[in-house]
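Peer 1: Please find the sequence and the predicted model below.
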Amino acid sequence: MTRRCQALSLILVLLMLAGAFCGCTEQPQGAATNEPHGQSTPGGGQGDQATPEPVKDTLVFSINADIVSIDCHMARDTVSAIVLRQMYDTLVRDQPGEGLVPGLAESWEFSADNLQLTFKIREGVKFHNGDTMTAEDVAFSLNRAIASSFTSSFSGTMDRAEVLDSTHVRLYMKQAFGPVLQCLSVPCMGVVSKRAVEELGDEGFAAAPVGTGPYKFVEWKSGEKVVLGAFDEYYRGSPAIKDLTFVIMSDRSTAAIALENNEIDVLYAPDVADRAQLESLDNVQFLTGNGSVYMWIIAFNNESGIFADKRLREAISYAIDREEILAGALNGFGEPVEMPIVPSVFGYDESFENHEYDLDKARQLMAEAGYPDGFSVTIKLNQSTTYTRPAEIVQAQLRKIGIDLQFELMERAAFLSDVTTNCDYEITLFMFTAGYPDADYVLYGRMHSGNIGGTNYLKYSNPEVDVLLDEARASTDAARRKELYWKVSEYVRDDVPFIPLITDHVCIAANSGLSGVQASAGELHYVFDYAWTK
Amino acid sequence: MLRYILKRLLMMIPVILGISFIIFTIMSLTPGDPARLILGEDAPAEDVVKLRMELGLDDPFPTRFARYIANALRGDFGTSYRTRQPVFKEIFSRLPTTFMIAFFGILIAVTIGLPIGIISAVKQYSLIDTVSTIAAMLLTAMPGFFVGMLLILLCALKLGILPATGIATWKHFIMPSLAVASVTMATFIRMTRSTMLEVIRQDYVRTARAKGASKPLIVFRHCLRNALLPIVTVIGMNFAHQLGGTVMIEAVFAIPGLGSHMVTAVRQKDTPVVMASIIFVAVVAGLMNLIVDILYTYIDPRVKTQYTKR
């Protein structure tokens, strides 16, 4: 008896030591050991299902949080959008690499004053329940989306949609709006079956949604997965991937291991720390896209507090070294941003230059403002390395001109409440995200004085900028709009309501046997375009 | 006995009410707006106002608390602010997974930890005692998620014998259970050893030895039975703890468990979910304590006479 227990405890200790040991000698020798399973044979190795199937038609896509809803009009976050994009179609589709292409609308036409937009609806499109999509469904869906409390960033300028005849729907605008087509391409402006919503009610529909997309809803297990199945009557043809599962993996390093182990097939936005490991794997393709829609910024309270003084904001602008922040915060995987518009977004111009790095100029401005010896100020930060890592570098850089940044780390809920809702802050380092790839989203939202009390938590108010933003918003002339955003960018440089810092490059990692995967700045992933090649 | 159980169950009601009040107050007083968190920082103010109204967040605190309790008494614990699903639907969909991992984790910990603890006590200061003490220290020092990551590296990536993530088959439960076991096992080893040592020094043990009882008889009949009371308590408490306390392990293995559900809900300020989860865990903890107390009566006849006398 005792001997057996002795042996047992010895085994236990050995097991632990072995575990600790293999943790130490991680990558270099590990790959050389000849294990029967695993990724020893490049291309093969699908784990435990080694049965020879002709072509694989299942796909597991990992997402890093649970979705909010499977009713497309009831969610607007990135994760939900990835899932909803597979189930619903929009009038206009934003296709990575191609831009805006006709979706459920075959064509569209603006009225002369840009206040009416008439769509010709594609005929013969089927809903998941077998019904044929009509103009009624389209108008109903647009009106339902406009009424939703999730969509104002996109539908705020839209008034109502009306059916003209069996194939035409007209969208009436409250005001002319340049990026309206971009806004119509987001999943939360998707088309749903009017009959299904009316028969099931909003709650019932959210449990059994009916769209026209390439995948239909099968199951949503809270916190675990969302399962979709191919819709064979999809108007663009039956998708190659038949069973699509979104698994929720909140830890991205876990997801990276699962990808390495062939348990998942696609991992979007992998962690920077896992990048080198993923790139080195034979069974994984690692794709890097052109920029992203994220822009790290230093934001000031322009109205009250110490940074109401423009000279101090300017001083900081001269004391910032973007390359250093990029290297420290993102290991260099990204780009410095001089213009308050990131490269993937309409309005960007690479020739724009912001203030150069000039410590003498910065010190001079500090002295002019009455702080020759510097000062100490609290910077409120969302408690996440996404913001604290760049903030640490900014802290070190500003120390050179005598500004001592005191970190106040806050939970996201408290941060949003203090900074973006109540504007109770002096300076922060945060992110501006382009909800649709047009400069209007960030600049109008953050800088127009009409949005003070809302999205303009900079409390920046400048009538000249308002005029420029209003004109750019209403115009549909691309060249003119670009010119206007250039002018707005000059105001950002000279008034320094906020300081654009850096942007990252979106990445996606997928099984190397999968074709059609694209890294897209706006995380536009269409599983319809995917297929297994081996 | 039955009266005792009934009394204990009734005593849980004020406890639950107290917990509800405290949690509801904390959730209301901490900064952050659920509507803003759902919609994100880009959402225009009018959307946030609209959503706040839809969720009924604008009423004053006493009104909301009274409404919550009134609904809860009728069995309606509300829907999640975030997903608008009934809260207990989400909790119960996660419960089996969490329960299995907690159960198997503790089972492994007990079957390995208890014998090691007994041997360590019986052969105090022997080699096996020293080794097991060091092992227990090591396990206490290593958080469960770290053990989990080591297991993934070894069993999933190096050996390829177990899947790293998910909960599809029984194989998926092995590593999470081991990770849970590694943490609790250390406690069990230490606890068993120290209580056994206390008992071994008692006079009746010496008497038993003097009258010539065999060693296994002394260890199992006289010592273990008396040492079992605190051990059973620790096991019961650990089980209740595992239902909500394995957040990191769940994250490492991508398991949809109760712990991560609660933490997400707290971050999102999803009050109905937080309330329901905590009330649920509180009830389970209360029931576990009751079960442990009842088990006492089987282990220790002295405890039984206390109840039956009344």
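Peer 2: Yep, it's here. Everything quoted here is computed from the prediction, not taken from an experiment.

Peer 1: For the helix of greatest length in chain B, buried residues please.
Peer 2: Taking DSSP state H as the criterion, chain B has its longest helix at helix B:87-122. For helix B:87-122, the buried set under the neighbour-count rule, 16 or more other Cβ atoms under 10 Å in any protein chain shown, comprises B:87-88, B:90-91, B:93-95, B:97-99, B:101-102, B:104-106, B:108-110, B:112-122. Every C-beta, even on glycine, is put in place using the N, C-alpha and C of the backbone.

Peer 1: What of stretch B:186-194?
Peer 2: By 16+ other Cβ under 10 Å, the buried positions in stretch B:186-194 come out as B:Ala186, B:Thr187, B:Phe188, B:Ile189, B:Arg190, B:Met191, B:Thr192, B:Arg193.

Peer 1: Spell out which residues belonging to the stretch 101-250 of chain B are near chain A, please.
Peer 2: Proximity of the stretch 101-250 of chain B to chain A is confined to B:112, B:115-116, B:118-119, B:122-123, B:128, B:131-132, B:134-135, B:138-139, B:147, B:149-154, B:156-161, B:163-167, B:216 under the rule Cβ under 8 Å from any Cβ of the partner chain.

Peer 1: re earlier: which neighbouring elements make contact with the longest helix of chain B?
Peer 2: When contacts are defined as 3 or more Cβ pairs under 8 Å, 6 or more residues apart in numbering or on different chains; DSSP states H and E, helix B:87-122 sits against helix A:2-24, helix B:127-141, helix B:171-200, helix B:225-244, helix B:258-267, helix B:271-299.

Peer 1: between it and helix B:258-267, what angle do the directions make?
Peer 2: Helix B:87-122 runs at 130 degrees relative to helix B:258-267, counting by axes from the mean of the first three to the mean of the last three Cα atoms, to 10 degrees.

Peer 1: Thought A:Asp504 was touching A:Thr288, still the case?
Peer 2: No - assessed by Cβ atoms under 8 Å, A:Thr288 is found out of contact with A:Asp504, at 9.9 Å.

Peer 1: so B:Ile278 sits right up against B:Met262, yeah?
Peer 2: Yes - taking Cβ under 8 Å as the definition, B:Ile278 is a contact partner of B:Met262 at 7.2 Å.

Peer 1: Now find how far off-centre stretch A:284-299 is within its chain.
Peer 2: 9 Å (Cα atoms, centre = their mean, to the nearest Å).

Peer 1: gap between the two ends of it?
Peer 2: Stretch A:284-299 stretches 38 Å from its first residue to its last (Cα to Cα, to the nearest Å).

Peer 1: just to revisit the earlier point, can you list residues touching both of A:Thr288 and A:Asp504?
Peer 2: Taking Cβ atoms under 8 Å, 6 or more residues apart in numbering or on different chains as the contact definition, A:Thr288 and A:Asp504 share the neighbouring residues A:Phe333.

Peer 1: Look at these two and report which has more neighbours.
Peer 2: Between A:Thr288 and A:Asp504, counting by other Cβ atoms under 10 Å in any protein chain shown, A:Asp504 is the more crowded of the two (24 against 14).

Peer 1: where does the closest residue to chain A within chain B land in three-state SS?
Peer 2: Nearest residue of chain B to chain A (Cβ to the nearest Cβ) works out as B:Gly32 at 2.6 Å. Per DSSP: H, G, I helix; E, B strand; the rest coil, the secondary structure class of B:Gly32 is coil.

Peer 1: For it, which non-adjacent residue is closest in space?
Peer 2: A:Ala413 (2.6 Å; Cβ to Cβ, 6 or more residues apart in numbering or on different chains).

Peer 1: where do the strands sit along the stretch 1-150 of chain A?
Peer 2: Defined through DSSP state E, counting those that start in this stretch, the strands belonging to the stretch 1-150 of chain A, from first to last, are A:58-63, A:92-95, A:99-102, A:105-110, A:116-121.

Peer 1: Pairing partners for the third one, with directions?
Peer 2: Using DSSP bridges, the strands paired with strand A:99-102 in its sheet are strand A:92-95 (antiparallel).

Peer 1: before we move on, what about the last one?
Peer 2: Paired with strand A:116-121 in the same sheet, following DSSP bridges, are strand A:105-110 (antiparallel), strand A:168-173 (antiparallel).
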